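Participant: with the input below, show me the fold.
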Amino acid sequence: MKVRELIKNLVEFHMDADVLVSTGNTFDDVKDFSLSWGGPDSGDGEPKDMAKFVYINFNDENKEQTDRLIVKVVAHVRYWEDSDVNGEEDDNDNPKMPCVTGIYDGSGRRYWYPFIDVETGLIMNWKKGVEASIHYKVCDECGLTIMKGDNVLYEDEDYVPEFLCPKEEGYGDYIIMDIDKEGYIKDWDKSKVYDFIFDEKDIN
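Facilitator: Prediction:
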């Protein structure tokens, strides 16, 4: 299943969910959230021991998105071990990178799902204290949603845009960046996001 179809199905299943994760997630990289439990067949309200998924809804005071431009990325990562977390190679079977979701589509795949504040380059759902060097092969499965407040300006799944490769050339296939312990992307260039939005003809 393609990322775009997966997102569509998840949104239809739970309209208010900001993130869908498996119950095995420790929530270490999420602060100020509320939870609701549900299963793929019965919806919300299923007992915790029967639930298949947990929905994380960020509290309004944590979002601060009234007029903030946010990029939400859902990237299907091929090789987690190509990136370093706190100076150590990541684990392909159990990645330690912040913002790794427990979203599965039947193939056992996981996704990298950061929320990026365009103005500052801050990854809003980053786990503080973690430093990372990311080199992710994505290849035409980079889901992007660009929002201002509750308004969706752009949503699609395609190549990796240039603004997600501030460290070196990604050729449309790679996410390449360094992230500091506060969650800021090194050498972030917000102008490239605005250029991307301007160039996309189907944006309202």
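
Participant: mind giving me the domain split of the protein?
Facilitator: The chain breaks down by automatic domain parsing into domains covering 3-63, 69-199.

Participant: now do stretch 113-131, average pLDDT.
Facilitator: Averaging pLDDT along stretch 113-131 gives 94.

Participant: sorry, that was for stretch 157-173
Facilitator: Across stretch 157-173, the average pLDDT comes to 93.

Participant: mean pLDDT lowest for which of the domains of the chain?
Facilitator: Per-stretch mean pLDDT for the domains of the chain is lowest at domain 3-63 (a mean of 43).

Participant: so which strand or helix has Lys181?
Facilitator: Using DSSP states H and E, Lys181 sits in no helix or strand.

Participant: burial count for it?
Facilitator: The number of residues packed near Lys181 is 13, by other C-beta atoms under 10 Å. Using the backbone N, CA and C atoms, a C-beta is placed for each residue, glycine as well.

Participant: ok, Leu69 touching Ile146?
Facilitator: Yes. Using C-beta atoms under 8 Å, Leu69 is in contact with Ile146, at 7.1 Å.

Participant: neighbour-wise, which of those two wins?
Facilitator: Ile146 (23 against 18).

Participant: once you drop chain neighbours, what's closest to that one?
Facilitator: Using C-beta to C-beta, 6 or more residues apart in numbering and skipping the chain neighbours, the partner closest in space to Ile146 is Tyr154 (4.2 Å).

Participant: can you name the element that comes right after the helix or strand containing that neighbour?
Facilitator: Per DSSP H and E: Tyr154 is located in strand 151-158. Counting by DSSP H and E, the element after strand 151-158 in chain order, helix or strand, is strand 174-179.

Participant: contacts for the next helix or strand after that next one next, please.
Facilitator: The helix or strand immediately downstream of strand 174-179 is helix 190-199, counting by DSSP H and E. Residues outside helix 190-199 that contact it (C-beta atoms under 8 Å, 6 or more residues apart in numbering): 69, 71, 118-119, 121, 146, 153-154, 161-163, 203.

Participant: need the buried ones from the residues you listed selected in PyMOL.
Facilitator: To isolate the buried members of those in PyMOL, using 16 or more other C-beta atoms under 10 Å:
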select buried, resi 69+71+118+121+146+154+161+162+163
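
Participant: if we can go back for a sec, find residues that contact each of Leu69 and Ile146.
Facilitator: Common neighbours of Leu69 and Ile146, using C-beta under 8 Å, 6+ apart, are 153, 193.
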